[in-house]
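Asker: Just the structure for this:
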Amino acid sequence: MNSRRPKHIAIAIASLHGGGAERVVVNLAAELLEQGNQVDLVLVRAEGILLADVPLGIRIIDLGQSRAI
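Answerer: Sure thing, here's the model as predicted:
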């Protein structure tokens, strides 16, 4: 039995347009959620084909910006 406390984890990336890094972020977030953690995806702009692959339970925070500085 694992007695560790769940963590609140935020992962930041520009968007979820198709690409290797974006796919890794979605898979990582899904695994962290499955392990019982609270996961937020912080996106510069909440758009992209992989947005539909984000599991329910992962909060998406859209900064609504055109670019990251």
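Asker: going forward, measure contacts between C-alpha atoms and count neighbours the same way
Answerer: Will do.
Asker: Helices of this structure, residue ranges please.
Answerer: Here the chain has its helices, by DSSP state H, at 20-34.
Asker: Could you list the low-pLDDT ranges of it?
Answerer: 1-3 (pLDDT under 70).
Asker: Show me the strands in it, by range?
Answerer: 8-13, 38-43, 59-62 (DSSP state E).
Asker: got CSV for those, with mean neighbour count and distance to residue 24 too?
Answerer: As requested, those are exported to CSV (neighbours: other CA atoms under 10 Å; distance: least, CA to CA, whole Å):
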stretch, mean neighbour count, distance to residue 24
strand 8-13, 14, 11
strand 38-43, 20, 12
strand 59-62, 16, 16
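Asker: Which among those strands is found nearest to residue 51?
Answerer: For these, proximity to residue 51 was assessed by CA to CA; strand 59-62 is nearest, at 9.2 Å.
Asker: Redo the strands of the chain as JSON lines? Include distance to residue 68.
Answerer: Shown next, in JSON lines, are those (distance: least, CA to CA, whole Å):
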{"stretch": "strand 8-13", "distance to residue 68": "9"}
{"stretch": "strand 38-43", "distance to residue 68": "9"}
{"stretch": "strand 59-62", "distance to residue 68": "12"}
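Asker: Spatially central residue in this protein, please.
Answerer: Closest to where the C-alpha atoms of the chain average out (CA atoms, centre = their mean) is residue 41, at 3.2 Å.
Asker: Could you measure from it over to residue 4?
Answerer: To residue 4, residue 41 is 22 Å away according to CA to CA, to the nearest Å.
Asker: Please apply the same query to residue 59.
Answerer: Counting by CA to CA, the gap from residue 59 to residue 4 is 22 Å.
Asker: Could you do residue 57 as well?
Answerer: Counting by CA to CA - residue 57 and residue 4 are separated by 20 Å.
Asker: If you count surrounding residues, which of the two has more?
Answerer: residue 57 (13 against 7; other CA atoms under 10 Å).
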